[in-house]
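# Here's a sequence, model it:
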Amino acid sequence: MDSRRYRRLRWLAFGLGATAFVLAFFHRLAPGAIVTDLRATFGASATALGFIAAFYFYPYAAMQLPSGVLADSIGPRRLFTAGSIVAGVGSILFAFAPSVGWLLAARALVGLGVAVAFVSVLKLIASWYSEREFGTWVGVLMLLGNLGGVLATVPLAWITQYVSWREVFAVAGGLSLVLALCIWLWVRDDPRDAGLPSGASAAVPTHAGWWDGVVRVATNRDTWPGFVMHLGMIGSYLTFAGLWAVPYLTDGLGLSRAAATLHVTMMILGLAFGSFAVGTLSDRMGRRLPLLRALALLYLLSWLPWILGWQLPLAASLASAALMGIGISGASLAWALAKELNPPALAGTATSLVNTAGFLGTALFQPMIGWVLDRAGARISLDDYRVAAAVLAGLALSGVIAAFLIRETRCRNAYVEPAPRAA
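Reported below is the predicted structural model:
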């Protein structure tokens, strides 16, 4: 094997895929930092703001399963290229949107385009890296992606003091189009596509057809606890960090916009470094569930200050936000578990089905929380935000319960073919 060429192509596949994932995270969390600008420009209500943020997640959630099927069939290179083009067009449309209706359409296009990023990178990792490296590289991916989310907090709030939010999204759209060209030119789906021998994780049997693969994953009872866990945990986290944390802190607790976005930054950094550490440590331990369950309980406890409306000193408040991010990082192991609890050839389909849940939850929860807050009238108080936080904590609890129903894999494929039914 030409090991130098293999390493170079492997890094190109991961690096360009991770860059697309960084942009996906930026778009995911950006509305929280520009919520004041959107209110001022369009006169948007809380419910409207919830829908603006959520319209990213509707096509994102809807595309997760098709993305997995397409990644397993046509390959991540073609999927990535098309997705980056659509995301770029959507971001540019968002930059020049004349009304809330156009903002919704633009967010939907962005969500549709970036929806393929995560599953495509997971498929590339499964093709170019060994099974015992999978959790580690998913952790690296989450670290980099969440750093992209950090760009949508304090840096975005700061830069919009000097340039228009419209210019920021126009530049982001241009970057997506450039990225599409680079992926098409340089990424290869599998070592065999570059004339190189496949690694162990890439040499998997093909499945009979896309529908057969979907049915096999969907009828596997081991798939669904991870799905429910992501629905409750990831859905509640992204709803809060992606939109409502900043209004809670500014309107409810009276913090400045800079201080509020710094809290979201700490949540994202906790998730970023927590995911990296969890993936690496899990691979070294050879176990998934002890870390996943302990961190799920930490995430649930992290809602307590928000439910009670504690006005903590700044350092303690930031530490509390970071703990929420660290707690939710355990959910990143659900993708490895989905891959390890399903047939190897269906890694893309399995991870995409589980990944759907968090974004489906966010798409439902963001406007729901907007509706809860709008019931308070024109003046939303701290008590109203506390009620909203309690609703999200209840949703998080359902995900934590599901985390205790997942089966351990010991970091290897543990799929067992179901016994044939008697005639």
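# Would you indicate which residues of the one helix or strand Arg386 maps to are buried?
When elements are assigned from DSSP states H and E, Arg386 belongs to helix 382-403. Judged by neighbour count using 16 or more other C-beta atoms under 10 Å, the buried positions of helix 382-403 are 384-389, 391-393, 395-400, 402-403. (Glycine included, C-beta is placed from N, CA and C.)
# Spell out, range by range, the helices that occur in the stretch 201-350 of the chain.
210-218, 224-239, 245-247, 257-285, 289-301, 304-308, 314-328, 333-340, 347-374 (DSSP state H, counting those that start in this stretch).
# list the buried ones in the fourth one?
Within helix 257-285, the residues that qualify as buried are 257, 259-276, 278-280, 282-283, counting by 16+ other C-beta under 10 Å.
# packing partners for that helix?
Under the contact criterion of 3 or more C-beta pairs under 8 Å, 6 or more residues apart in numbering; DSSP states H and E, helix 257-285 touches helix 3-33, helix 131-151, helix 154-159, helix 245-247, helix 289-301, helix 314-328, helix 333-340.
# Please apply the same query to the first one.
The criterion is 3+ C-beta pairs under 8 Å, 6+ apart, and the helices and strands that helix 210-218 contacts are helix 57-73, helix 347-374.
# Mind exporting the C-alpha coordinates of that helix to PDB?
Taking C-alpha atoms only, helix 210-218 is exported to PDB below (Å, rounded to 0.1, in the frame of the first residue of the first chain):
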ATOM      1  CA  TRP A 210     -31.800   0.800  -0.200                       C
ATOM      2  CA  TRP A 211     -35.300  -0.100   1.000                       C
ATOM      3  CA  ASP A 212     -34.100  -3.400   2.300                       C
ATOM      4  CA  GLY A 213     -31.500  -1.500   4.300                       C
ATOM      5  CA  VAL A 214     -34.000   1.000   5.700                       C
ATOM      6  CA  VAL A 215     -36.300  -1.800   6.800                       C
ATOM      7  CA  ARG A 216     -33.500  -3.800   8.400                       C
ATOM      8  CA  VAL A 217     -32.300  -0.800  10.400                       C
ATOM      9  CA  ALA A 218     -35.800   0.400  11.300                       C
END
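# Distance check, Ser164 against Ala170.
Distance of Ser164 to Ala170, computed by C-beta to C-beta, to the nearest Å: 9 Å.
# And those two? Which one has more around it.
With neighbours defined as other C-beta atoms under 10 Å, Ser164 and Ala170 compare such that Ala170 has more, 16 against 13.
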